[in-house]
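> okay, structure incoming, though there's no sequence with it:
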Ligand SMILES: Cc1cc2nc3c(=O)[nH]c(=O)nc-3n(C[C@H](O)[C@H](O)[C@H](O)COP(=O)(O)O)c2cc1C
């Protein structure tokens, strides 16, 4: 197996990528008051210089008073924050990179360990932070409409600033995923329901609003996951049929590319096939997909974040086998790119002995 397929170009509407490597969105909390600094711009530009095909920003929050639990997570609204993002995209472009912001609303989450709190209570479909555990308020229909508007407005700003696409964060137990997941969505109105397809209405309306706001040609991605930090074994869709009923309407609403988050990309999603989550999403929707999860590393990110575990480099043969087979189109890489801005170039040039793996020190700085 060779890296040949990983270094093939990719086109999607107006998006032109020189290779299939995507920098996974990774929260850094280095944007005081929500404003990305020049250090943030340099950090992303270094990954562009290191040959990353598509950079996804850390999650950056939309204009809702309780969208974030951390004052150092960047905003994607307000004059100063948007100026900060303009500097980011200009530097990334100057370094030959392509970039999309990941638009985020956390929903109901535990407060950050600093004790900082937003000015209004956390909001979500039913006010639950985890099954049966109240941590905020249930959103009214007005809140829902305003939140959808905030996502659409952020997408408009992204396009106006010159970003190449947007990704909507619909994964990992945050707001959109709280609507998908029955234990956190106990609503009895039209945004709840017994089926995943019913509970996808919020996401579908949000995607439709974003699509309408940016027009037909601007690429829109949606990140989804079965797992949540509240329950790593959770399965929103227990069968391919449920997954189809979930994702096909979202594709029809305007998603161009599904970013399918797994902790370990080689794990089959359903029994009877070795296809992973991104493989099934592509097969069922016909849309391009991004895979992710422990690419090139020995351990998964949950152990890294919870226990500070290090990970060593792992060969990419299984990834190449699936990529060559056409299971997915793009490959997102998280921790290896936190630790080493040159990871992509090293893979491209076959310099595997120079790979550094990942250790928690990478979290401490924006190097
Ligand atoms: C420090 C850190 C921050 C993260 N922040 C985000 C985030 O803001 N949005 C998101 O969708 N995923 C986030 N993730 C998950 C990553 O995007 C990725 O899915 C995960 O790290 C698995 O990829 P890896 O095994 O290559 O690290 C984060 C992961 C790490 C390690």
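Good, I have the coordinates. Please read these numbers as outputs of a predicted model, since none were measured by experiment.

> could you report the neighbour count for residue 87?
Per other C-beta atoms under 10 Å, the neighbour tally for residue 87 reads 17. Using the backbone N, CA and C atoms, a C-beta is placed for each residue, glycine as well.

> can you get me a residue count around residue 177?
Using other C-beta under 10 Å, the number of residues around residue 177 comes to 27.

> specify the local secondary structure of it.
With DSSP: H, G, I helix; E, B strand; the rest coil as the basis, residue 177 sits in helix.

> doesn't residue 170 make contact with it?
Yes. Assessed by C-beta atoms under 8 Å, residue 177 is found in contact with residue 170 at 6.0 Å.

> shared neighbours of these two, which are they?
Taking C-beta atoms under 8 Å, 6 or more residues apart in numbering as the contact rule, residue 177 and residue 170 both touch residue 224.

> grab the longest strand from this protein for me.
Longest strand in the chain, counting residues (DSSP state E): strand 54-61.

> relative to the whole chain's centre, how far out is that strand?
Chain-centre distance of strand 54-61: 7 Å, with C-alpha atoms, centre = their mean, to the nearest Å.

> list the buried residues of that strand.
Across strand 54-61, burial judged by 16 or more other C-beta atoms under 10 Å covers 54, 55, 56, 57, 58, 59, 60, 61.

> which one of the residues you listed sits closest to the ligand?
Taking C-beta to the nearest ligand atom as the measure, residue 59 is the one of the buried residues of strand 54-61 closest to the ligand, at 3.3 Å.

> give me the beta-bridge partners of the residue lying closest to that closest one once chain neighbours are set aside?
Leaving aside its sequence neighbours, residue 59 sits nearest to residue 104 (C-beta to C-beta, 6 or more residues apart in numbering; 3.6 Å). Taking DSSP bridges as the rule, residue 104 bridges to residue 61.

> contacting residues around residue 104?
Per C-beta under 8 Å, 6+ apart, neighbours of residue 104: 59, 60, 61, 62, 67, 68, 169, 174.

> go back to these and keep what's next to the ligand.
Among those, the residues that sit close to the ligand (C-beta under 6 Å from any ligand atom) are 59, 169.

> just put the contacts of residue 104 in JSON lines and tack on distance to residue 277 and pLDDT.
Converted to JSON lines, the contacts of residue 104 look like this (distance: C-beta to C-beta, whole Å; pLDDT from 0 to 100):
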{"residue": "59", "distance to residue 277": "19", "pLDDT": "98"}
{"residue": "60", "distance to residue 277": "24", "pLDDT": "98"}
{"residue": "61", "distance to residue 277": "25", "pLDDT": "98"}
{"residue": "62", "distance to residue 277": "25", "pLDDT": "98"}
{"residue": "67", "distance to residue 277": "26", "pLDDT": "98"}
{"residue": "68", "distance to residue 277": "27", "pLDDT": "98"}
{"residue": "169", "distance to residue 277": "16", "pLDDT": "98"}
{"residue": "174", "distance to residue 277": "17", "pLDDT": "98"}
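
> on that earlier part again, and the longest strand of the chain, what does it pack onto?
Helices and strands in packing contact with strand 54-61 are listed as strand 21-23, helix 38-49, helix 79-94, strand 99-104; criterion 3 or more C-beta pairs under 8 Å, 6 or more residues apart in numbering; DSSP states H and E.

> average pLDDT for the last one?
Just to be clear, that refers to strand 99-104. If you average the pLDDT over strand 99-104, you get 99.

> helices or strands next to the helix or strand following it in the packing?
Per DSSP states H and E, the first helix or strand lying C-terminal to strand 99-104 is strand 123-124. Of the remaining helices and strands, those touching strand 123-124 by 3+ C-beta pairs under 8 Å, 6+ apart are strand 137-138, helix 175-180.

> spatially nearest residue to the closest residue to the ligand within the chain, not counting backbone neighbours?
Residue of the chain nearest the ligand, by C-beta to the nearest ligand atom: residue 334 (2.6 Å). Leaving aside its chain neighbours, residue 334 sits nearest to residue 24 (3.8 Å; criterion: C-beta to C-beta, 6+ apart).

> quick check: residue 51 touching residue 344?
Yes. Using C-beta under 8 Å, residue 51 is in contact with residue 344, at 4.2 Å.

> looking at the two, which is more packed in?
A side-by-side neighbour count of residue 51 and residue 344, using other C-beta under 10 Å, places residue 344 first with 27 against 21.

> got a list of contacts for the host helix or strand of the more buried one?
Taking DSSP H and E as the definition, residue 344 sits inside helix 343-348. By C-beta under 8 Å, 6+ apart, the surrounding residues in contact with helix 343-348 are 3, 6-7, 19, 21, 47, 50-53, 296, 316, 333, 336-337, 340, 351-352, 354-355.

> now stretch 198-216
125, 144, 147-149, 151-153, 155-156, 158-159, 166, 168, 170, 176, 179-182, 185, 190-193, 220, 222, 246, 249-250, 253-255.

> which residues of the protein lie near the ligand?
Going by C-beta under 6 Å from any ligand atom, the residues of the chain near the ligand are 24-27, 58-59, 102, 169, 171-172, 223, 261, 292-295, 297, 300-301, 304-305, 333-335, 363.
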